[in-house]
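# have a look at this prediction, sequence included:
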Amino acid sequence: MKKKIILLPLVLLALAACDGAQDPTSSSMPSSNASEQPSENVSSNPNSEVDSESENESSDTSAELSSSEVSSEESSNSESVSDSENSENSENSENSENSENQDSSTDDDTNISSIEEVLDAGIALGSGDGKTPSAEQYTFEGTITSFVGNSYYVQDQDGYAIYVYYNSKFSGVEVKVGDVVRVTSKITNYNGLVETFGTDTTATLEKVSEGTPIVPTEIEHVSELNQKSQSKLVTIKGLTYVSGSIAVDAASNLTFTFDGQSVTLRVDKYCNIKDELKTKLDLDNVASGDTFDFIGINIGWYNGLQFSIGESTDVEIHKAPHQAVTGVTAKDSVEVEVGRTVDLEAKVLPENATDKELIYEVADPQYAEVVEGRVKGLEAGQTTITVKSHEDETKSCVVNVTVIPATSELKTANYGFIASSPEDTKYDTKYTEETAGDLLAKFNKVSGDIEPTSVSNVSFVYPGAYNGKKADGTYFSYENCIKIGKSGTAGTLNINFDDNVKISKVVVKLVVWKSGTKLTINNVEKTPTTLLAKDCTPEELTFEFDETSSTLEISTTERVIIWEFAITYTSVEA
């Protein structure tokens, strides 16, 4: 009995110890789950509704656990008062922290601007070079619609959008199309485009949620768009290709007709789908009547409306039904001097024929040759040229050609430009009518007997070519040249010679800033293909004129950089 009396207290103590170890566990579980409430405030963007629903579900689960906790407490008679107080104090402390966090997040929400407000502020900065930031930072939210390299477009539920320019401060946050993000940054204005300031050292990026990609809005009329439409994701259909090509290592501008108006589609240098896009568009083989649909393209802005092809852009091509050639037309006869050229004005019929290529056959090649549709006199005499359709050689016409001796000696003169000083190559140095004399002084005669007497109609002409400092601190410049026009802006320049100088041809050594840029001299239009780049080799374009002139009237649609030009002319006695 003594052994039993001694063992009973030990058994009771062991049982009590077991009960005491179980009760705190059952009472602390609900408290632990309750502390798992999200402390972040829910985004005000409707694209983050999933987050809102998730928080409500967590709250409901917490309520059920609290009921379970009460039941557990009623069935447990061995929980200590101190444990209950500790659990209660812990839960109150966690609830208090959650409440404080929610209040803090709510305060942050009050500082969020709508993207429309940010656009208004950016537009109010005025069109600039993108190097001057706003005085204050703006915080906005939206859904990523498309990437251009490491930069991207963000659009909100109201349909307003903004371009988020790459900032190294954002590099630690992985985002994709459809993600809802919150951005805090200064902004800037780049030729009318409002974008975040890429070197804002205190800018922040937060991924709010993984939302749903935005469906692009179909645009039917250009008149629907204005500067506040910029960066919005849209679809445009039925575009007709005009000019331009996609460059591999530079930005490209493609010109299309949309809604009866000429529009520019820009392919950024850092767009990662350039190769795929170039293959799909196959612009070298566009037939008359082919149309293009661009689904998910962003509205750009560069001193006016343009569109920006991003990495989410899809293209559908609608090939026009084949239009057969029904005939060929050209001048009936031409007279040309030896050494001179005349346009045959040959073309296929109808004008919308699918294959517009022509074949030229000269009956007596010693008298004449055809270069780019122009007949050149080689030796005095007569011959004929048969012009045939490439598609159907039975469709043809014949031109009678008379080559006569040159009435005056053809002469040539070559010109370059004196190197500009480093300060002259800055983007904002521009010649005007008032400083035309300074521009004329830049001309450097390399060979020949004549020089320009004056320059006029000077609009957006600059000395040298300076590409601006890149993000990595590198840059390049060329000083022995002039720029006519600037990016997004046409330029003009007239180079005048004595009245007795009659120019019949000019060869220009040049490059362009963007693909699709057009250069016109004395009403002859060409589309250069070589883009400005470090150590680039300029191309040569030849302009020949049926009517001679003592003035070279030059106009560009964008920035053209000219190194040299050579004229062929005759001198006529006064």
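Nice, I can see it.

# going forward, measure contacts and count neighbours with C-alpha atoms only.
Will do.

# check which element follows the helix or strand hosting Phe292 along the chain.
Using DSSP states H and E, Phe292 falls within strand 291-301. Using DSSP H and E, the next helix or strand after strand 291-301 towards the C-terminus is strand 305-309.

# ok now the next helix or strand after that following strand, how far from the chain's centre?
Later in the chain than strand 305-309, the nearest helix or strand by DSSP H and E is strand 314-318. Averaged C-alpha coordinates place strand 314-318 at 19 Å from its chain's average position (CA atoms, centre = their mean, to the nearest Å).

# strand 314-318 pairs with which strands, parallel or anti?
strand 291-301 (antiparallel) (DSSP bridges).

# tilt between the partner strand and strand 305-309?
Between strand 291-301 and strand 305-309, the angle comes out at 110 degrees (axes from the mean of the first three to the mean of the last three CA atoms, to 10 degrees).

# state the distance spanning the first to the last residue of stretch 251-269.
4 Å (CA to CA, to the nearest Å).

# can you read off the backbone torsions of Ala330?
phi -160, psi 180 (degrees, to the nearest 10).

# oh, and call the first residue 53 from now on, that's how I've got it
Right, with 53 as the first residue, what we last looked at is Ala382.

# separation between it and Tyr322?
45 Å.

# please apply the same query to Thr197.
In terms of CA to CA, Thr197 sits 17 Å off from Tyr322.

# which one's more surrounded, those two?
Thr197 (31 against 17; other CA atoms under 10 Å).

# just the angle between the helix or strand encompassing the more buried one and strand 357-361, please?
Assigning secondary structure by DSSP H and E places Thr197 in strand 190-200. For strand 190-200 against strand 357-361, the angle by the same axes, to 10 degrees is 60 degrees.

# heading C-terminal from strand 190-200, find the next helix or strand.
Following strand 190-200 in sequence, per DSSP H and E, is strand 203-207.

# can you list contacts of that next one?
167, 193-199, 213-218, 283-285, 350 (CA atoms under 8 Å, 6 or more residues apart in numbering).

# what strands flank that strand, and is each parallel or antiparallel?
Strand 203-207 is paired, per DSSP bridges, with strand 190-200 (antiparallel), strand 213-216 (antiparallel).

# so which of those strands gets nearest Thr481?
strand 213-216 (28.7 Å; CA to CA).

# name the strands paired with the helix or strand just after the closest one and say parallel or antiparallel.
Using DSSP H and E, the next helix or strand after strand 213-216 towards the C-terminus is strand 231-237. Strand 231-237 has the following strand partners under DSSP bridges: strand 190-200 (antiparallel), strand 256-262 (antiparallel).

# quick check: which of the ones you listed is nearest to Glu328?
strand 190-200 (14.4 Å).

# that closest one - what's its average pLDDT?
Averaged across strand 190-200, the pLDDT comes to 97.

# please, where are all the strands along the stretch 403-552 of the chain?
410-414, 420-423, 426-429, 433-441, 448-456, 463-469, 495-499, 506-511, 513-518, 529-536, 543-548 (DSSP state E, counting those that start in this stretch).

# hey, which of those strands is tucked in deepest?
Using mean count of other CA atoms under 10 Å, the stretch among these with the largest mean neighbour count is strand 513-518, at a mean of 25.

# mind saving the C-alpha coords of that strand as PDB?
Taking C-alpha atoms only, strand 513-518 is exported to PDB below (Å, rounded to 0.1, in the frame of the first residue of the first chain):
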ATOM      1  CA  VAL A 513      19.800  73.300 -90.400                       C
ATOM      2  CA  TYR A 514      22.500  72.500 -87.900                       C
ATOM      3  CA  PRO A 515      26.400  72.200 -88.000                       C
ATOM      4  CA  GLY A 516      27.900  68.800 -87.500                       C
ATOM      5  CA  ALA A 517      26.100  65.700 -86.200                       C
ATOM      6  CA  TYR A 518      26.100  65.000 -82.500                       C
END
